[in-house]
Every structure is written in structure tokens, then in C-alpha cells.
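Enquirer: What shape does this take:
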Amino acid sequence: AFSPHYHPGTSRIESLDVIKGIAVLLGLFVSVYAWGGFSEGMQFQLLSKTKGSRHIVYVVISFFLEGKMRGLISLVFGAGMILFMVRPHAGSPVQTAELLVRRNMWLMLFGLFNAFIFIWPQDILFHLGIMGLLLFPFCRMKVRGLMIAVILISLIGMGKNYWYFADDQKAYKKYLVVAAL
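Expert: This next block holds a predicted model:
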């Protein structure tokens, strides 16, 4: 029977596995239009039509699924990384930290294989491996340090967005002057 809780005798959390499965399955479903040969022109034709089952399916996929599955996979990846760090790896001669680094390096290798051999530019595996390596030091931080890091990174992100907004405003003002001439 399905149980959302961790069972000490097993090494799996069923609910996490179900979420991973849903995220991967729906992520592949979203990717079908790219693998299926839809060019940007074909996508524009689907969007420009306001009727028909193809248009409805495309809009539903774009609105409800596109981008959300990538976020869900990233969330489950982070949870898996935390679980990997807190669980003992009995019988392994290698420390948990080194196992985590190896795991992320393999993920990056699979991502590169996906990108260059299968020519899949929207691969997320490489990015997850990089983020796993970059976020590794945060696993051992205390809550106060994590909160300070979150606030600092959020402020940097907001500043960057405002900078882009200000640049867009300047460019738009220049456009208005040129358009008036």
C-alpha cells in the first residue's frame, strides 16, 4: 500500500518517488513538441489560431505544465540531496560528502551527453549537477546563516531585476524619441 512516510527498514520514500515520477513523466510530455519537430513557426501558427483541439492542447500544456515540471524536478532534486546527506551510507569506504560530489559529477556528465550526443539543448541534468555542487556548502550551515544567505541572495536578485528594468525604461524613452521623429 502507498505510504507517504519513510520506513526505517527501506531506503526509499514512496511519496518522493511518486513526485519524481510525475515530474519526469509530465516533463517529457511537455518536451514532446520540441522532440516532435515543432518549429517556432509551427508554434506561432498554433498560437495564432484561436480554435481547434491542437490549439487547446498547446495552450493547456504551455499554461499548466511548461516550466512547472522543471521547478518540481529541481525541488525533488534538492530534497534528494538533503536526504542523501543525512542518511548513513554503511559499507561505503568513501565519505558522504565525496559520494555527493561524485553523484553530481555523474549528473553533469549525463547532462553533457544529453546536450551534445542527443542534441537536446533544454537538458536540466547538467544544471542540476552544477547547482548540487554550488549548494553543497549550504548543507552544513546553521539556520541563521541560511537565512542571512537567502536574504542576501534575494536582495542581489531584486537589484539585478531593477537594473534590467531601469535599462529597459531608458531604452523605451529613446524609442519614444525616435518614434516621434
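
Enquirer: Next one: P137 relative to S74, how far apart?
Expert: Relative to S74, P137 is positioned 18 Å away (Cβ to Cβ, to the nearest Å). Heads up, the C-betas are built off the backbone N, CA and C, glycines and all.

Enquirer: who has more neighbours, those two?
Expert: Each of P137 and S74 has its neighbours counted (other Cβ atoms under 10 Å); S74 has more, 15 against 9.

Enquirer: Show the contacting residues for the closest residue to the more buried one other than its chain neighbours.
Expert: Nearest non-adjacent residue to S74, counting by Cβ to Cβ, 6 or more residues apart in numbering: L128, 6.8 Å away. Residues near L128 by Cβ atoms under 8 Å, 6 or more residues apart in numbering: 73-74, 77, 104, 107, 111.

Enquirer: Mind putting those residues into CSV with secondary structure and pLDDT?
Expert: As requested, those are arranged in CSV below (DSSP: H, G, I helix; E, B strand; the rest coil; pLDDT from 0 to 100):
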residue, secondary structure, pLDDT
I73, helix, 85
S74, helix, 84
F77, helix, 86
N104, helix, 92
L107, helix, 91
G111, helix, 90
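
Enquirer: With distance to K51 added, can I get those in TSV?
Expert: TSV is the format used below for the contacts of L128 (distance: Cβ to Cβ, whole Å):
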residue	distance to K51
I73	33
S74	36
F77	39
N104	47
L107	43
G111	39
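
Enquirer: Out of these, give me the two with the largest separation.
Expert: I73 and N104 (14.8 Å; Cβ to Cβ).

Enquirer: can you point me to the longest helix in this structure?
Expert: helix 143-180 (DSSP state H).

Enquirer: which is the next helix or strand following the lowest-mean-pLDDT helix or strand in the chain?
Expert: None of the helices or strands of the chain scores lower by mean pLDDT, DSSP states H and E than helix 40-48, at a mean of 64. Using DSSP states H and E, the helix or strand that follows helix 40-48 in sequence is helix 53-60.

Enquirer: Having no further points to raise, I will conclude here.
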